[in-house]
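[1] take this sequence and fold it.
(one chain, ligands or ions: 3)
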Amino acid sequence: MPASARRIGVFLCKCGGNISDFVDLEEVKKAVEKIDGVVAVEVDEHWCSSPAGKRIKEVIKEKNLDRVVIVACTLNMHQPHFMEVLQEAGLNPYLLERVNAREQCSWVHKDNPKEATQKVIDLVRGGIARARYLSELSPIVEKVNKNVVVVGGGVAGIIASLELAYGGHRVYLVEKSPTIGGRMAKFSKVFPSLDCASCILTPRMAEVESHKNITLLTYSEILEVSGSAGNFKVKILRKPRYVDAALCTGCRDCTTVCPVKVPNEWNMGMDKRTAIYIPFPEAVPRIATVDEANCLYLKYSKPGKPVCGKCVEVCKAKAINFEMKPEVVEVEAGAILLTIGSEVFDAKKVPQLGYGLYKNVITSMEFERMINSDGPTGGKVINPVTGETPKVVAFIQCVGSRDEKYNPYCCRIGCTASLKHAVLLKEYVSKDIDVYICYNDMRTVGKGFEEFYRRVRDLGVKFIRGLPSEVKQKPDGSLTFNVFDTTTETLYEVNADLVVLAIGLTPTPDIEKMAKLLKLSRGHDGFLLEAHEKLRPVETLTEGIFVAGSCLGPMDIHDATSEAMAAASKIMGFLAAGEIVKEPIVAKVNEDLCSGCRVCVSVCPFDAIKMEDRGEGKFVAKVEEVLCKGCGLCAASCPTAAITTQHFTDEQIRAQVRGILVGV
Ligand SMILES: Cc1cc2nc3c(=O)[nH]c(=O)nc-3n(C[C@H](O)[C@H](O)[C@H](O)COP(=O)(O)OP(=O)(O)OC[C@H]3O[C@@H](n4cnc5c(N)ncnc54)[C@H](O)[C@@H]3O)c2cc1C
Ligand code: SF4
Ligand code: SF4
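    Ligands and ions are numbered 1, 2, ... in the order given. Model prediction:
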């Protein structure tokens, strides 16, 4: 049928006054009725309502319409609904054209209703002209792989992996360090309930290790991600531990003979570890790892002249193998969940508070390790200058947080973490320790948090509403600072043996690499951006990629766990249908016109075009429809016009432009 013989219906929406208060829809109706092929024009208050949808279906049938133009709000609103209406009326849903009379007309031209009305008429003319050339299309349906790759084995990654595994999915949990557990595994107690952190976390870590649906890939990192939602291919680098996981018993004999001593990152550098090490007793997996940057054998051995090798001699299990090489494994998955967590603020960036200068100025993370029985002091809180239990401890809040010079955002966990530390000092070390907390505002939002704050007040902790600008060390090694309390309007001099800086959470250094690899956006604060902070908090704008935990922003364990569970259930929903339905708005190649020049391959940002060998030196472009996002770059770049984007063909776009310009 020629495009001129179409039977077109136009539906003008008042949008509850949003459009009709500024656009004269009766005038639009009169103008549109005169256009050839328009056999029905109707106005309604809300075409998106269900009675109105019923009316569209009636008109399609009564007037035997073969094209529908809806003049209403933005295409982003109600498009699936209108397409379904067409489908139910027996019309292919891609024979629908939308004209935006709200965002592009009534809302932006409120002061010029006459011009706004004329603009709607012009746009509707363009829409009708384009509609004549629309063709029937069918969605692309792909089977999905039900496996999931979870990146990051902190509490968020652990909980999400377990949820998914119990839901029947094969999970590849990829953790870059030698053990899972993340930051929570370093805590002795967690606020506000003061649960023993390892009592609640380590059983779940063990569950991850033994779950038949979870493949745990520690000491591993993502190298490359290809494919698309439902069918990703993920290349994972398995760094060599130089210890055979199947043989190592975790006895730690090797660590007793290794002569190398380097700062122990697990204890925030407060003590030393050997070059072969197991980060902490409950590590999962409990397998030794040789740190190749520091191992004498790996650094200095020459062929036939091995250096050191003491660990090999002592290992009864014969688990140490210096011949191990990096290994790349490739897995397939329908969805990827990022739970790569966060880093802590570097307190050295605020030198006036004395961190890095005075040994008895420590960070809240160092305090966590100190008070942990597995930590560098065996759980004793000491003044590192004297080695004695401190008599006065002062906490300084908001270090690096809520400050335009560093991080403008609130770290959300600093206040409650210091309250926890104050309780631990008073209740577990000595009630006689004088504890000061210098704060900006005490932000204790959450279930049971306010009660926790009151409990700390009742313990006699002294709260000063103000922050010191400088911490100084006195000749005897103790610390002193002045602080103005804005509540009592008094300047105090605080003398303390130990100062603890409450540092907040910042984006992990890996975030940039991961965002690039997975084409994810980041916010002003550097953390990952969710698809919609309120309505789609664990999805991203890249389909099939989900996020949870503190890689999205500072959060406590409760929130990281809730997000992990939300992400797991969202992923299960996404994979449940077993197939993914994709819009057919993709590039199409006319092989007769393709010269094989490869321009399209070079411009496609999604690697969706490959060249196919047709023999005798002829190559033609081939579009992988599941990867193609219909961006149109190839179609616009092809020098022989061999590529068109379905639903946005040159013919359709030219007709629309001509339609708009009639009379100009
Ligand atoms: C001093 C302090 C005290 C705190 N106390 C409490 C408390 O008492 N209660 C509470 O609720 N919250 C507390 N928190 C907050 C708590 O630390 C976080 O809520 C929690 O750690 C968030 O977990 P996560 O899984 O999002 O991230 P993380 O714990 O940071 O885990 C992320 C994991 O991802 C891994 N990873 C990173 N990059 C990659 C990569 N590229 N590839 C693979 N793996 C990667 C990391 O190695 C890590 O194992 C405290 C925080 C601080 C700083
Ligand atoms: S490598 Fe050998 S010595 Fe070291 S923990 Fe494993 S089994 Fe024990
Ligand atoms: S070879 Fe020597 S330096 Fe290297 S891990 Fe073994 S004991 Fe340590």
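
[2] quick check: residue 371 touching residue 379?
    Yes - the criterion here is Cβ atoms under 8 Å, and residue 371 meets it with residue 379 at 6.2 Å. All C-beta spots, glycine's among them, are computed from the backbone N, C-alpha and C.

[3] list the residues that contact the residue nearest the centre of the chain.
    Central residue of the chain (Cα atoms, centre = their mean): residue 547, 3.7 Å from the mean position. The contact partners of residue 547, by Cβ atoms under 8 Å, 6 or more residues apart in numbering, come to 337-339, 520, 528, 530, 538-540, 567.

[4] who in this structure is up against ligand 3?
    257-258, 260, 274-276, 290, 295-297, 308-311 (Cβ under 6 Å from any ligand atom).

[5] for the stretch 1-150 of the chain, which segments are assigned as helices?
    Using DSSP state H, counting those that start in this stretch, the helices of the stretch 1-150 of the chain run over residues 25-33, 50-62, 79-88, 113-131.

[6] do the stretch 401-550 of the chain as well
    414-423, 449-458, 511-517.

[7] pLDDT value on residue 664, please?
    pLDDT for residue 664: 67.

[8] returning to that earlier point: so of the contacts of residue 547, which ones are in strands?
    Counting by DSSP state E, the part of those found in strands is 337-338.

[9] could you dump the contacts of residue 547 into TSV and include neighbour count?
    TSV is the format used below for those (neighbours: other Cβ atoms under 10 Å):
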residue	neighbour count
337	28
338	29
339	30
520	19
528	23
530	23
538	23
539	20
540	22
567	29
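
[10] just give me the closest of the contacts of residue 547 to ligand 3.
    Checking the contacts of residue 547 against ligand 3 by Cβ to the nearest ligand atom gives residue 339 as the nearest, at 30.8 Å.

[11] returning to what we had before: biggest separation within the residues of the chain next to ligand 3, which pair?
    Greatest spacing in the residues of the chain next to ligand 3, by Cβ to Cβ: 274 and 309 (13.8 Å).

[12] so these two - more neighbours on which side?
    A count of neighbours by other Cβ atoms under 10 Å puts residue 274 above the other of residue 274 and residue 309, at 24 against 14.

[13] and the gap between the more buried one and ligand 2?
    Between residue 274 and ligand 2 the distance is 10 Å, computed by Cβ to the nearest ligand atom, to the nearest Å.

[14] so residue 72 is in contact with residue 97, correct?
    No - counting by Cβ under 8 Å, residue 72 stays clear of residue 97, with 11.5 Å between them.

[15] may I see the buried residues of the one helix or strand residue 656 maps to?
    Residue 656 belongs to helix 650-661 when assigned by DSSP states H and E. Neighbour counts using 16 or more other Cβ atoms under 10 Å place 652, 655-656, 659-660 of helix 650-661 among the buried residues.

[16] for stretch 307-325, same thing?
    308, 310-312, 314-315, 317, 319-320, 322, 324.

[17] how about residues contacting that stretch?
    Contacts of stretch 307-325 (Cβ under 8 Å, 6+ apart): 240-244, 247-249, 251, 253-254, 256-259, 276, 288, 290, 295-301.

[18] how about 7 Å then?
    240-244, 247-249, 253-254, 257-259, 276, 296-298, 300-301 (Cβ atoms under 7 Å, 6 or more residues apart in numbering).

[19] out of those, which end up buried?
    The buried subset of the contacts of stretch 307-325 (16+ other Cβ under 10 Å) comprises 240-244, 248, 254, 258, 276, 296-298.

[20] for the nearest residue to residue 547 once chain neighbours are set aside, what are its contacts?
    Distance criterion Cβ to Cβ, 6 or more residues apart in numbering; nearest residue to residue 547, sequence neighbours excluded, is residue 338 at 4.9 Å. By Cβ under 7 Å, 6+ apart, residue 338 lies in contact with 151-152, 514, 528, 545, 547, 551.
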